[in-house]
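Enquirer: model this:
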Amino acid sequence: MYPSFVDSHKESLKAEAKELLSFYENCASHTVGELEESISPFIKTKGGIFEGLAKLLSERVTSSLEGSDSNIFLQRWNTVEEAQKLRQEKFFTSLDQFYESLEERLQKKISTAQEELYSDLPQFQKIKSFEKIIPENLLDRYNVALVQGLLLQAKSIKILVHKKQGEDDLSRHRFLFRQMKFHRILCTVTEDTEDHFTCELSGPLSIFEQRQTYGIRFANFFPHLLKLPFWELEADLALKTNSVILKLDNTMGLKSHYTQEESYIPKELLCFTQSFNKKASPWQVAISSRFLNMGAKSYCFPDIELNREGHKTLYLELFHRWHKTQLLQRLGDLTKQKDTSLILGVCTSIMKKKDLEDILEKNSYKYNVFSFKDFPSSTTLLKFLETWDSQSKKC
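Expert: This is a model prediction of the structure:
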């Protein structure tokens, strides 16, 4: 399967995209509903890709309520109460007569009062700003969005990255795998030769728990792959009742909308490092940028670096509830390693599984493993480090 991408260099298409953009570039101070109403005839006339382009442009619009949620609620309740009191006090022969009396009581036009009743709905929000984009980049963004939508239906994905002689292959490994790690994509390296390496990723349809969330993560990861000069992607898609193979590579002209230096770091990871470093502890932590080769085509990109004066640097790798297979693989790697600088944080939901408990009990590496519920707290890690320090002194 090969998607029908649009030609972002086609002048007639760029001109039409520019016309659509003009609606958004002049939308400040209007409501979202007014913007949607103004572009509706254009989209109906042009059809085709323009509905998708409009959706992408709408994501670049920033809007907000004119007042706070609580003020809007009180204002709505006041209008309803006053209208009810007025009807109980007097009999009206027509709706216009009722509206006239209500305007007098509310001290505002009835049209204004009616708008305020629904002012917290999205279409009544005022547009504050629009993040500009040129027509060519918008069309490129559309092509990437087509792929992202399909990848939400993936059962498995295989990525092949070609190596180019004379280039820093290690940095390419590090870039790709770190983005997978930060986006929490399940990955297994299946081949690593002199001219390429191949990895397989579990698609969202293979994850029974939190499938939608995982699918979005993969869609957000995909533009990072486009930053590499030579790559191929093959995805097994489940489209309704059909199984379809999607094939893409770097020759198709897909362009990433991410900036080169843009790197996604989970918010909870940032909060954790800040919280930990405020503690009165000899240890300091930082988000890791290291790349550890575990041997046998296995790579580790630790989440956290731990430093303490006079001690060797420790590295922390976190395993969440969907990482059981990767955890078992990592424990297998570590049985062949003498270095104990890597510690593992494991979610309790997989830590309590019987087969994993048995493996850990027999594994000499069990003292380098601790558990957490949803995300490790600074207190949990500090307690573990105290135990680890005393245990390492015995060894």
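Enquirer: Low-confidence stretches in the stretch 1-150 of the chain?
Expert: In the predicted model, the stretch 1-150 of the chain carries pLDDT under 70 at residues 1, 65-70.
Enquirer: Now for residue 248, how many residues are close by?
Expert: By other CB atoms under 10 Å, 23 other residues sit near residue 248. Where you see a C-beta, it was placed from the backbone N, CA and C, and this is true even at glycine.
Enquirer: Next one: it from residue 222, what distance?
Expert: When distances are taken as CB to CB, to the nearest Å, residue 248 and residue 222 turn out to be 9 Å apart.
Enquirer: Spit out the residues that contact these two alike.
Expert: When CB atoms under 8 Å, 6 or more residues apart in numbering defines a contact, the residues bordering residue 248 and residue 222 alike are residue 147.
Enquirer: Below-threshold pLDDT in the stretch 151-300 of the chain: ranges please.
Expert: Counting by pLDDT under 70, the ranges of the stretch 151-300 of the chain that qualify are 164-174, 186, 192, 202-214, 260-265, 289, 291, 295-299.
Enquirer: Mind jotting down where the helices sit in it?
Expert: Shown for the stretch 151-300 of the chain, the helices assigned by DSSP state H, counting those that start in this stretch span residues 169-182, 211-225, 267-277.
Enquirer: Could I get those in TSV, plus columns for mean neighbour count?
Expert: Output for the helices of the stretch 151-300 of the chain, formatted as TSV (neighbours: other CB atoms under 10 Å):
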stretch	mean neighbour count
helix 169-182	18
helix 211-225	18
helix 267-277	14
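Enquirer: Select, out of these, the one closest to residue 136.
Expert: helix 211-225 (16.4 Å; CB to CB).
Enquirer: same for that closest one, what does it pack against?
Expert: Using 3 or more CB pairs under 8 Å, 6 or more residues apart in numbering; DSSP states H and E, the elements in contact with helix 211-225 are helix 135-151, strand 154-162, helix 169-182.
Enquirer: I'd like those as TSV, with distance to residue 108 appended.
Expert: TSV is the format used below for the helices and strands packed on helix 211-225 (distance: least, CB to CB, whole Å):
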stretch	distance to residue 108
helix 135-151	41
strand 154-162	54
helix 169-182	51
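Enquirer: I'd like to know which of those is closest to residue 241.
Expert: Nearest to residue 241, of the helices and strands packed on helix 211-225 and by CB to CB, is strand 154-162 at 13.6 Å.
Enquirer: Need the residues that contact the closest one.
Expert: Contacts of strand 154-162 from elsewhere in the structure, counted by CB under 8 Å, 6+ apart, are 151, 172, 176, 190, 195-206, 215, 218, 225, 228, 230-238, 243, 246.
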